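S.K.: Take this sequence and fold it.
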Amino acid sequence: MAAWFKRTKKGIQTATEDKKDVPKGLWYKSPTGKIVDAEQLEKNFYVSPEDGYHVRIGSNEYFEILFDDNKYKELDKNLSAKDPLKFEDKKKYPDRLKEAQDKTGLKDAIRTAVGKSKGKELVIACMDFRFIGGSMGSVVGEKIARAADYSLKNKVPFMIISKSGGARMMEAVLSLMQLAKTSVKLAQLSDAGIPYISLCTDPTTGGTTASFAMLGDINISEPGALIGFAGPRVVRDTTGKELPDGFQTAEFLEEHGFLDFITPRKELKNKVNLYLDLIQNQELRA
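M.R.: Alright, predicted model coming up:
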């Protein structure tokens with residue numbers, strides 16, 4: 001009988017699918033203290049209705065938001081990382097990979113897919129922060145490169161949704177090579193006149209910011225996203241200056257010309273397709 005009254009976890013807990021980054025449970029509490037029903041949160045595109053806080057979500061949710069009827073074909077689904085550097089810290093790299101794969105159901109920190117959005121084909125590469133902090137390794141670079149090749153071959157617009165802590169330390173220089181590799185592929189899309197949209201979400205940092213996340217024909221963001229290269233402490237120590245309020249937020253970057261616009265998640269699909277229609281119609285008129 002006593003076991004009935006023993007609380008094993010804080011708060012009210014119910015089982016939910018592990019596919020979402022939204023915490024398991026009946027309620028979600030935003031950083032500002034607003035409480036929202038989990039079901040209501042899902043219906044509102046994982047945005048807290050009272051304060052507009054955008055909860056971190058993954059590729060499953062972004063594909064559902066952007067692709068018509070959640071129908072798409074995943075590209076290079078089974079691509080996974082190797083361990084050529086034989087990296088070992090507290091754990092061997094293959095063990096870290098296996099642990100992340102078992103926990104998330106993902107092969108690596110990015111998924112790529114092609115489908116229709118508002119009736120027109122679109123290739124999307126979406127990062128997942130749950131997989132080793134969305135770190136960028138050789139698989140992330142290779143899948144972006146292959147997705148760009150698909151866009152180039154089929155003349156389909158390309159979109160990358162960034163959510164990353166930066167380069168993957170377990171792959172060292174191989175990870176850093178992906179900055180140049182992805183940048184070259186995006187330059188090829190530009191030369192061919194194929195639109196590329198970069199969406200920065202929370203967080204977009206490190207080598208991701210230093211490469212594909214800031215190379216879009218249009219660079220956009222969700223409200224309140226953290227976007228930067230080095231952390232605020234490193235920047236402050238390097239420059240020897242105090243940082244302004246809101247430094248490295250999406251709103252700060254938009255104000256200083258690094259972003260074209262910020263869009264709430266519920267408007268994302270319409271805004272992306274509006275931009276693509278404008279660009280492609282301009283090309284037809286020319």
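S.K.: now the helices for the chain?
M.R.: Remark: helices assigned in the chain by DSSP state H are 38-43, 59-66, 93-104, 138-154, 172-191, 232-239, 250-255, 268-285.
S.K.: which secondary structure elements does the first one contact?
M.R.: For helix 38-43, the contact count by 3 or more Cβ pairs under 8 Å, 6 or more residues apart in numbering; DSSP states H and E identifies strand 27-29 as packing neighbours. Glycine gets a C-beta too; all of them are placed from N, C-alpha and C.
S.K.: Show me the domain layout of the protein.
M.R.: 1-55, 56-285 (automatic domain parsing).
S.K.: Deepest in the core, which of the ones you listed is it.
M.R.: For the domains of the chain, the largest average neighbour count (mean count of other Cβ atoms under 10 Å) is found in domain 56-285, namely a mean of 18.
S.K.: which residues touch Ser151?
M.R.: The contact partners of Ser151, by Cβ atoms under 8 Å, 6 or more residues apart in numbering, come to 123, 157-158, 189, 194.
S.K.: Check Val47 too.
M.R.: By Cβ under 8 Å, 6+ apart, Val47 lies in contact with 41, 53-55, 264-266.
S.K.: ok, now how distant is Ile161 from Tyr72?
M.R.: Between Ile161 and Tyr72 the distance, using Cβ to Cβ, to the nearest Å, works out to 13 Å.
S.K.: Same question for Asn219.
M.R.: For Asn219, the distance to Tyr72 under the criterion Cβ to Cβ works out to 23 Å.
S.K.: Then Ser48?
M.R.: With distances defined as Cβ to Cβ, the gap from Ser48 to Tyr72 amounts to 27 Å.
S.K.: quick revisit: between Ile161 and Tyr72, which contacts overlap?
M.R.: With contacts defined as Cβ under 8 Å, 6+ apart, the residues adjacent to both Ile161 and Tyr72 are Ile124.
S.K.: Just list the residues touching Glu50, thanks.
M.R.: Under the criterion of Cβ under 8 Å, 6+ apart, the neighbours of Glu50 are 30, 34, 36.
S.K.: how about a cut-off of 10 Å?
M.R.: For Glu50, the contact set (Cβ atoms under 10 Å, 6 or more residues apart in numbering) comprises 30, 32-36.
S.K.: Those residues in strands, which ones?
M.R.: Assigned to strands by DSSP state E, the following of the contacts of Glu50 qualify: 35-36.
S.K.: which one of the contacts of Glu50 sits closest to Glu99?
M.R.: Ser30 (29.1 Å; Cβ to Cβ).
S.K.: Give me the distance between that closest one and Leu41.
M.R.: Distance, Ser30 to Leu41, using Cβ to Cβ: 9 Å.
S.K.: Overlap of the contact sets of these two?
M.R.: Common neighbours of Ser30 and Leu41, counting by Cβ under 10 Å, 6+ apart, are 47-49, 53, 55.
S.K.: Please look at Pro94 and Lys82 and confirm they touch.
M.R.: Yes: counting by Cβ atoms under 10 Å, a contact exists between Pro94 and Lys82, whose distance comes to 8.4 Å.
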